[in-house]
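Novice: Whatever this is, show me its structure:
(one chain, ligands or ions: 1)
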Amino acid sequence: MLSLKNITKKFDGRLAVDGISFEVETGETLVLLGTSGCGKTTTLRMINRLEEPDSGDILLDGKSVKDFDVQELRRGMGYVLQNHGLFPHYTVAENIATVPNLMNWDKKKILNEMESLFEKLNLDPTIRDKFPEQLSGGQKQRVGLARALITQPAVLLMDEPFGALDSITRISIRKELKGLADFQEKTIVMVTHDVQEAFDMADRICVMDQGRIMQLGTPESLLFDSSNAFVKQFLKDQRLQLELKTVKIDELKSVLPVEWYMNSGFKSGQSVWEVLEDSLASGDATIPDPGMLMKGFFSFKK
Ligand SMILES: Nc1ncnc2c1ncn2[C@@H]1O[C@H](COP(=O)(O)OP(=O)(O)OP(=O)(O)O)[C@@H](O)[C@H]1O
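Specialist: Model (predicted):
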């Protein structure tokens, strides 16, 4: 478990992070969400000591990060950046093997782990000997992820990891990652300013403004249980889509007619959004009456 306790950081006398506290459970994904300059990246960088807080403490499984050897601490935390952070003069294979080489892994183990990551991250194995500039944006980001994951760190820090990608690639990488067992087991802190991305990835979301936490909670609680004016305004433009993505079809059982529920081709656990999307994609309606579904959704919200 990762705990931040009353963390403060100033740059040139100005507070960038102002008394932040939160905990991230093992296996949980916490997303720091907020506009540019609200202190998300600084918060993330303090976790692996790329920045030092002015006050407060950060604990990893009960031990202050200050008491770790800094190299050892960073090796235990994968770090993924928006611009992938690959070394331009290293091949893909050399980039991914950087930390395993520092840890004196034998060549065979590195190759085996690399092969398995190529498969999991949908990377074409023929790019192994290419240099980053010869790759597409999506491939570079996948290589960046492979590099962060190869040593199986317990903690993964991700700073706008999909920010440089087009929206289609971004959505597909997000879906792939969320499906990976390696990913689900980790303690993850991810930074983004993209509201949809936060809602797609997070177990809990920490909305920040001017170095402070405005609200920290599940996507549901941010949408349906927020009295915070900043949070309301921040989610305003995308609220309907977020709500449709957050409410599960199973939750509408009590408000939809039984025959609608019985005759529809949805899978339990799908969000209302996914059911609508599937229905549109299939061409012939898999749900008998989409209007009925929307009616049910709005009456559920009341
Ligand atoms: N090394 C630094 N020196 C001086 N000021 C800094 C430094 N790093 C960050 N800041 C300032 O601290 C504040 C918070 O920056 P930070 O990068 O953490 O915000 P952010 O929410 O991640 O924004 P963005 O999404 O634009 O990266 C900003 O006002 C920024 O200008």
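Novice: Residues of the stretch 1-150 of the chain that sit close to the ligand?
Specialist: 11, 12, 16, 34, 36, 37, 38, 39, 40, 41, 42 (Cβ under 6 Å from any ligand atom). In short, each C-beta sits where N, CA and C put it, glycine included.
Novice: Now do the helices in the stretch 201-302 of the chain.
Specialist: Ranges of helices within the stretch 201-302 of the chain are 219-224, 229-235, 239-246, 258-263, 272-282, 290-301, based on DSSP state H, counting those that start in this stretch.
Novice: returning to what we had before: type out the PyMOL command that picks the buried ones from the residues of the stretch 1-150 of the chain next to the ligand.
Specialist: In PyMOL syntax, the buried subset of these is picked out as below (16 or more other Cβ atoms under 10 Å):
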select buried, resi 16+34+38+39+40+41+42
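Novice: what's the farthest-apart pair in the residues of the stretch 1-150 of the chain next to the ligand?
Specialist: The most widely separated members of these, counting by Cβ to Cβ, are 12 and 34 (20.6 Å).
Novice: Where does pLDDT dip in this protein?
Specialist: 283-286 (pLDDT under 70).
Novice: relative to its centroid, which residue of it is most remote?
Specialist: Taking Cα atoms, centre = their mean, the residue of the chain most remote from its mean C-alpha position is residue 259, at 37.7 Å.
Novice: Tell me which residue in the stretch 101-250 of the chain sits closest to the ligand.
Specialist: Relative to the ligand, the nearest point of the stretch 101-250 of the chain is residue 193 (5.4 Å; Cβ to the nearest ligand atom).
Novice: Surely that residue and residue 34 touch.
Specialist: Yes: shown here, residue 193 and residue 34 form a contact pair, counting by Cβ atoms under 8 Å, at 6.7 Å.
Novice: Now list whatever residues contact both of those two.
Specialist: Residues touching both residue 193 and residue 34 (Cβ atoms under 8 Å, 6 or more residues apart in numbering): residue 40.
Novice: Quick one: neighbours of the closest residue in space to residue 102 that isn't next to it in sequence, just the number.
Specialist: Nearest non-adjacent residue to residue 102, counting by Cβ to Cβ, 6 or more residues apart in numbering: residue 75, 7.5 Å away. Neighbour count for residue 75, taken as other Cβ atoms under 10 Å: 16.
Novice: show me what contacts residue 75?
Specialist: Per Cβ under 8 Å, 6+ apart, neighbours of residue 75: 99, 102, 103, 151, 153.
Novice: Note down every partner strand of the helix or strand hosting residue 56 and its orientation.
Specialist: Using DSSP states H and E, residue 56 sits in strand 55-60. In the sheet, strand 55-60 lines up against strand 2-11 (antiparallel), strand 63-64 (antiparallel) (DSSP bridges).
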